[in-house]
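> I would like to see how this sequence folds:
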Amino acid sequence: MNFTILAALCAGIAVAMATLVIVDFFVLLSTRYREKYLQETAVEMDDVLLSMPPARVLDLSLAVAAFTGFAAVLGVGFYSTEMSVAKTVIVALIGAVAAFPMPRIYLRWLKKQRLAKFNVQLEDALLSMSGSLKAGFSINQALEVVAHENRKPISFEFSLLIQELRLGVTLDNALDKMSARLNCPDFELVAVSILTARQTGGELTATLERLAGVIRERVRITGRIHALTAQGRMQALIIGLMPIALFIAMMNIAPDMMNAFFSTVVGILCLLAVIVLDVTGFLVIRKITNIDI
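As a prediction, the model looks like this:
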């Protein structure tokens with residue numbers, strides 16, 4: 001009897017210690033993920049000039065995930081005749097995991113749109129700088145002309161460049177910082193051309209005009225490719241949504257048959273495999289249609 005009590009006590013202590021270790025591991029993992037998430041979100045918000053605290057974006061992501069998980073449970077419960085605990089948990093987790101990165105995806109979309117608008121405005125900015133240099137202005141004065149044109153986002157970026165120059169930063173370092181901040185290949189080419197012309201004594205006005213022509217052609221080709229690949233992007237969207245639409249239709253037509261996806265281990269694994277393959281196929285098609293110039 002004493003050995004039974006001792007064994008039970010040792011087993012209880014072992015389970016308690018294992019639970020503490022597992023809980024501590026998940027707490028440490030969540031803390032590190034939160035720090036990394038806030039750091040990356042802060043950089044993304046700086047890129048789109050948002051003053052919202054990064055922690056607010058994390059709270060928004062959690063709220064969107066919770067709402068989507070709840071809505072997914074309600075949607076499946078509306079079509080299903082039986083709602084078990086396993087089915088509820090699985091549907092809520094799938095909806096929450098799928099919706100959690102949506103705020104950051106939106107921030108990246110805003111950054112992409114802002115960069116595309118910057119590229120379109122860069123051609124006119126280079127022509128304006130070339131005209132200012134022909135009129136006898138210095139390179140700093142030509143940059144100020146672009147900053148004072150009040151065309152966002154390019155005027156704001158050039159205003160930051162002028163502020164750094166007024167604080168004593170050299171033009172080389174200011175252009176390098178602006179290139180790193182924008183991560184724009186077109187502006188990197190402009191920065192390298194300006195620095196090379198200043199060091200070698202080349203004709204900067206002709207260089208800026210040629211760069212404006214190159215950027216104009218790249219924008220034209222990019223728009224042409226965007227129009228030609230529109231059908232491929234639409235196919236990726238349709239193919240990605242087709243399994244979801246079919247799943248909803250089958251839940252309405254044959255709910256008893258579809259309950260096997262939630263009540264059995266094989267069904268759950270098949271459901272997860274379909275989600276992974278669907279997302280992978282969508283990303284592969286989008287990658288094929290995304291052509292860099």
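> go ahead and confirm Leu133 touches Glu203.
No. Counting by Cβ atoms under 8 Å, Leu133 does not reach Glu203; the two are 9.3 Å apart. For every residue, glycine as well, the C-beta is placed using N, CA and C.
> ok, the two, which is more surrounded?
Leu133 (19 against 10; other Cβ atoms under 10 Å).
> ok, so what distance separates that one from Glu149?
16 Å (Cβ to Cβ, to the nearest Å).
> quick one, helices of this structure?
Here the chain has its helices, by DSSP state H, at 2-47, 54-79, 85-99, 102-134, 139-147, 154-166, 171-182, 185-200, 204-228, 230-253, 255-258, 260-263, 265-289.
> quick check: mean pLDDT across the second one?
What helix 54-79 shows for mean pLDDT is 80.
> that helix to helix 85-99, inter-axis angle?
In terms of direction (axes from the mean of the first three to the mean of the last three Cα atoms, to 10 degrees), helix 54-79 departs from helix 85-99 by 140 degrees.
> what of the last one?
Taking the same axes, to 10 degrees, helix 265-289 and helix 85-99 form an angle of 10 degrees between their directions.
> mind listing what's buried along stretch 65-79?
With burial defined by 16 or more other Cβ atoms under 10 Å, the residues of stretch 65-79 counted as buried are Ala65, Thr68, Gly69, Ala72, Val73, Val76.
> neighbouring contacts of that stretch?
Here stretch 65-79 makes contact (Cβ atoms under 8 Å, 6 or more residues apart in numbering) with 83, 87-88, 91-100, 248, 251-252, 255.
> selecting buried members of the residues you listed in ChimeraX, what would you type?
Selection of buried members from the contacts of stretch 65-79 for ChimeraX, criterion 16+ other Cβ under 10 Å:
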select :87,88,91,92,94,95,96,99,100,251
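> Glu123: neighbour count?
For Glu123, the neighbour count with other Cβ under 10 Å is 19.
> next one: it relative to Leu161, how far apart?
Taken as Cβ to Cβ, the span from Glu123 to Leu161 is 18 Å.
> quick check: Arg34 touching Leu58?
Yes. Arg34 lies in contact with Leu58 (Cβ under 8 Å); the separation is 7.0 Å.
> more neighbours: the two, which one.
Ranked by neighbour count (other Cβ under 10 Å), Arg34 and Leu58 place Leu58 first, with 17 against 12.
> leaving out the residues flanking it, which one is nearest to that one?
Residue nearest to Leu58 in three dimensions, not counting chain neighbours: Tyr37, with 6.0 Å by Cβ to Cβ, 6 or more residues apart in numbering.
> right, and the one you found touches Asp59 too?
No. Tyr37 is not in contact with Asp59 according to Cβ under 8 Å; the separation is 11.4 Å.
> for the stretch 51-200 of the chain, which spans come out with low pLDDT?
Low-confidence segments of the stretch 51-200 of the chain (pLDDT under 70): 79-84.
> kind regards, and thank you for your time.
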